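Colleague: Sequence and predicted structure below; questions after.
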Amino acid sequence: MVACFFCTLAVAQHDNTDHGDGHDHSSHDHPHAVDHGADGHHELGCGLHGHHGGDFDPGATAFHHIADANIYSIGPLGIPLPCIPFTPGKGFDFFMSSKFDYDSHGSGANAYNGFVLDGGTLKRVVDGNFPDGLIEGVEIGHDSDGHSAMCYKDKLYPLEAKSTADFGIFGGGITGFYDFSITKNVVSMFAVFLLMLLVFRAIAKKYRSRPSEAPSGLQNFMEPIFLFIQDEVAKPFLGKHYLKYIPFLMSLFFFILGLNLWGQIPFLGGSNVTGNLAFTAVLAIFVFIVVNLSGNRHYWQHALWMPGVPWPVKLILTPVEVLGLFIKPITLALRLFANITAGHMVITIFISFIFIFGKNGTFVPGAWGASIPTVLLTMFMMAIELLVAFIQAFVFTILATSYLGAALEEGHEHEAAH
Amino acid sequence: MTGSIAALGMGLAVIGAGIGLASIGGKAMEAIARQPEAVGDIRSNMILIAALIEGAALIAIVFAFLVA
């Protein structure tokens, strides 16, 4: 069950739904006039501007740090990851992102089969006639509108923007290819999955082989947390059915907790899995499926045709209840996503203060002066983020349990005055 | 005046969160003062409700980010 859980989550990364990236380019203020002649290294061919040349842009940096990437950058190392795009009509492709020969900012110098690496993300060249195979000597940047584009042999090739799941409301759209790549988020998910597997298997083995011994080691750490969820969350809400749902709720809680904490480890690539709306949406869909499949007759009757109220009220109540059926998982997803993303962004922006005050390396005393309060603020923020990691995992679990409890509730007699 | 009106929206969302959190915090303090031995229960419930209120405010903030 846990394996299916994770396979589905891995596939859920098919469109790198990063709700920031479609919009950060328009909020750049590009100091076009500033560094034109002095050092032209970030003026690329075809009038493109390099992504990370020029002035420091805290907004773009923040969005970049919460986005998914096809490179796992641990400190100075940029570990390439497999890219598995599926283009309808062309089929699957499988290659490592090292084919793009990327620099430290994640912009590739090569194009491969119509794909390029832009700021660490796999993007497709819009022009379908772009030649396949390995093409060297491309330059990736963005034009004055903020759209990503590629310059090859002095010809401008626009790149597809990242998918946004807003159905085009905010100006986004779906990319022309499905991205099944093993991205940074997928690697993090597998890492936390393996960690959980090892830890809990060891603990379960200990319980099975020596059940009457006092807990020791890892057991000591996990047992209070486990018992807390079981006694404070599962039993009160689920009553006598709690044992059936404990695996699901525990997996949910520990997976979310593990991923929240993984994203907080400094210098470990800053992988923001729970801050990715696609991921939290999949978790919410799981909760939706489990809750509605466990719903008994009493639950559906209350949702669709509430007994004990006059019929005009029933007509109003039914659409509201049906909406609520969908809004509850949506808020679950959004709450976790917003909390974790906001935390990550705040920490990134605090660190950016050092660069802003140091005027991007030109004013060293400013940078030193800014770094002291910044480091203190960031430490404080990271302490809060640890708290938020636990709280958000707990809140997700307790709300899922409460919805489940409502679905499993046994009927009580209804009189006219409900 | 330059900038985006989304920043105003974010500020308004935080006002709502501030009022909600202050309310729950204040009531929790009063409850603890009334019955100091229940401090554990009260504290856990307070943190839970605070997370829910924060969730609403942060959803608003994230949407404000998106439209700007």
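Modeller: Sure thing, it's come through.
Colleague: can you pull the pLDDT of residue 8?
Modeller: Just so you know, I chose chain A. If you check A:Thr8, the pLDDT there is 41.
Colleague: Not quite, go with chain B.
Modeller: 88.
Colleague: Next: A:His14.
Modeller: 36.
Colleague: How about A:Phe254?
Modeller: With respect to pLDDT, A:Phe254 has a value of 94.
Colleague: Mind telling me what element the nearest residue to it once chain neighbours are set aside is part of?
Modeller: Using Cβ to Cβ, 6 or more residues apart in numbering or on different chains and skipping residues adjacent in sequence, the residue nearest A:Phe254 is A:Met196, 5.7 Å away. C-betas here are computed from N, CA, C, even on glycine. Element membership for A:Met196 (DSSP states H and E) is helix A:184-209.
Colleague: just A:Ile135 next, same as before
Modeller: Assigned by DSSP H and E, A:Ile135 belongs to strand A:134-136.
Colleague: Find out how far the helix or strand just after that strand is from the centre of the chain, if you would.
Modeller: Note on strand A:134-136: by DSSP H and E, the next helix or strand toward the C-terminus is strand A:139-142. The chain centre lies 25 Å from the centre of strand A:139-142; the measure is Cα atoms, centre = their mean, to the nearest Å.
Colleague: Which strands and helices lie in contact with whichever helix or strand comes after strand A:139-142?
Modeller: Next in sequence after strand A:139-142, counting helices and strands by DSSP H and E, comes strand A:148-152. On a contact count with 3 or more Cβ pairs under 8 Å, 6 or more residues apart in numbering or on different chains; DSSP states H and E, strand A:148-152 meets strand A:115-118, strand A:139-142, strand A:155-158.
Colleague: can you list those in CSV and add mean pLDDT, mean neighbour count and distance to B:Gly55?
Modeller: Conversion of the helices and strands packed on strand A:148-152 to CSV gives the following (pLDDT from 0 to 100; neighbours: other Cβ atoms under 10 Å in any protein chain shown; distance: least, Cβ to Cβ, whole Å):
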stretch, mean pLDDT, mean neighbour count, distance to B:Gly55
strand A:115-118, 82, 28, 33
strand A:139-142, 76, 23, 34
strand A:155-158, 77, 15, 38
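Colleague: would you list these in CSV and tack on distance to A:Tyr403?
Modeller: Converted to CSV, the helices and strands packed on strand A:148-152 look like this (distance: least, Cβ to Cβ, whole Å):
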stretch, distance to A:Tyr403
strand A:115-118, 40
strand A:139-142, 43
strand A:155-158, 44
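Colleague: So A:Ser216: helix, strand or coil?
Modeller: Put simply, A:Ser216 is coil when judged by DSSP: H, G, I helix; E, B strand; the rest coil.
Colleague: can you give me the helices for chain B?
Modeller: B:6-34, B:39-67 (DSSP state H).
Colleague: CA atoms only: put stretch B:4-23 into PDB for me.
Modeller: The C-alpha coordinates for stretch B:4-23 follow below in PDB (Å, rounded to 0.1, in the frame of the first residue of the first chain):
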ATOM      1  CA  SER B   4       1.500  45.900  -6.900                       C
ATOM      2  CA  ILE B   5      -1.800  46.000  -5.200                       C
ATOM      3  CA  ALA B   6      -1.300  42.400  -4.300                       C
ATOM      4  CA  ALA B   7       0.900  43.600  -1.500                       C
ATOM      5  CA  LEU B   8      -2.100  45.400  -0.100                       C
ATOM      6  CA  GLY B   9      -4.100  42.200  -0.300                       C
ATOM      7  CA  MET B  10      -1.400  40.300   1.600                       C
ATOM      8  CA  GLY B  11      -1.400  42.900   4.300                       C
ATOM      9  CA  LEU B  12      -5.200  42.700   4.700                       C
ATOM     10  CA  ALA B  13      -5.000  38.900   4.900                       C
ATOM     11  CA  VAL B  14      -2.400  39.200   7.700                       C
ATOM     12  CA  ILE B  15      -4.700  41.600   9.600                       C
ATOM     13  CA  GLY B  16      -7.400  38.900   9.600                       C
ATOM     14  CA  ALA B  17      -4.800  36.400  10.800                       C
ATOM     15  CA  GLY B  18      -3.700  38.700  13.500                       C
ATOM     16  CA  ILE B  19      -7.200  39.300  14.800                       C
ATOM     17  CA  GLY B  20      -8.000  35.600  14.800                       C
ATOM     18  CA  LEU B  21      -4.800  34.500  16.500                       C
ATOM     19  CA  ALA B  22      -5.000  37.300  19.100                       C
ATOM     20  CA  SER B  23      -8.500  36.200  19.900                       C
END
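Colleague: mind listing what's buried in it?
Modeller: B:6, B:9-10, B:13, B:17, B:20-21 (16 or more other Cβ atoms under 10 Å in any protein chain shown).
Colleague: Can you tell me which of those is closest to chain A?
Modeller: Among those, B:Ala6 lies closest to chain A (Cβ to the nearest Cβ), at 9.6 Å.
Colleague: Could you point out which of the helices and strands packed on strand A:148-152 sits nearest A:Phe180?
Modeller: Across the helices and strands packed on strand A:148-152, A:Phe180 has its closest neighbour in strand A:115-118 (13.1 Å, Cβ to Cβ).
Colleague: Tell me the first helix or strand C-terminal of the closest one.
Modeller: Past strand A:115-118, the next helix or strand by DSSP H and E is strand A:121-124.
Colleague: Any chance you could give me that following strand in CSV, C-alpha atoms only?
Modeller: What follows is strand A:121-124, C-alpha atoms only, in CSV (Å, rounded to 0.1, in the frame of the first residue of the first chain):
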residue,chain,number,x,y,z
THR,A,121,14.3,23.0,-15.2
LEU,A,122,13.6,20.9,-18.3
LYS,A,123,12.0,23.0,-20.9
ARG,A,124,11.0,22.2,-24.5
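Colleague: what's the pLDDT at the residue nearest to the spatial centre of chain B?
Modeller: The centroid of chain B falls nearest to B:Ala17 when counting by Cα atoms, centre = their mean (3.4 Å). Looking at B:Ala17, its pLDDT reads 94.
Colleague: Quick check: the gap between it and A:Thr331.
Modeller: Distance from B:Ala17 to A:Thr331, counting by Cβ to Cβ, to the nearest Å: 15 Å.
Colleague: Kindly report the same for A:Met196.
Modeller: A:Met196 is 26 Å from A:Thr331, by Cβ to Cβ.
Colleague: residue boundaries of the helices in chain A?
Modeller: Counting by DSSP H, the helices of chain A are A:2-11, A:21-27, A:58-66, A:184-209, A:218-228, A:235-238, A:242-264, A:277-293, A:297-304, A:311-357, A:364-408.
Colleague: lowest-confidence stretch among those?
Modeller: Among those, helix A:21-27 scores lowest, at a mean of 36.
Colleague: Next to chain A, which bits of chain B? Give me the list.
Modeller: For chain B, the residues found near chain A under the criterion Cβ under 8 Å from any Cβ of the partner chain are B:4, B:44, B:47-48, B:51-52, B:54-56, B:58-59, B:61-62, B:65-68.
Colleague: Mind doing that once more with 10 Å?
Modeller: B:2, B:4, B:6, B:41, B:44, B:47-52, B:54-63, B:65-68 (Cβ under 10 Å from any Cβ of the partner chain).
Colleague: Going by neighbour count, which of the residues you listed are buried?
Modeller: Here, 16+ other Cβ under 10 Å leaves B:6, B:47, B:49-51, B:54-63, B:65-66 buried among these.
Colleague: Nearest spatial neighbour of A:Tyr72, chain-adjacent residues omitted?
Modeller: A:Ile79 (4.3 Å).
Colleague: if we can go back for a sec, for the residue nearest to A:Phe254, give its distance to chain B.
Modeller: 23 Å (Cβ to the nearest Cβ, to the nearest Å).
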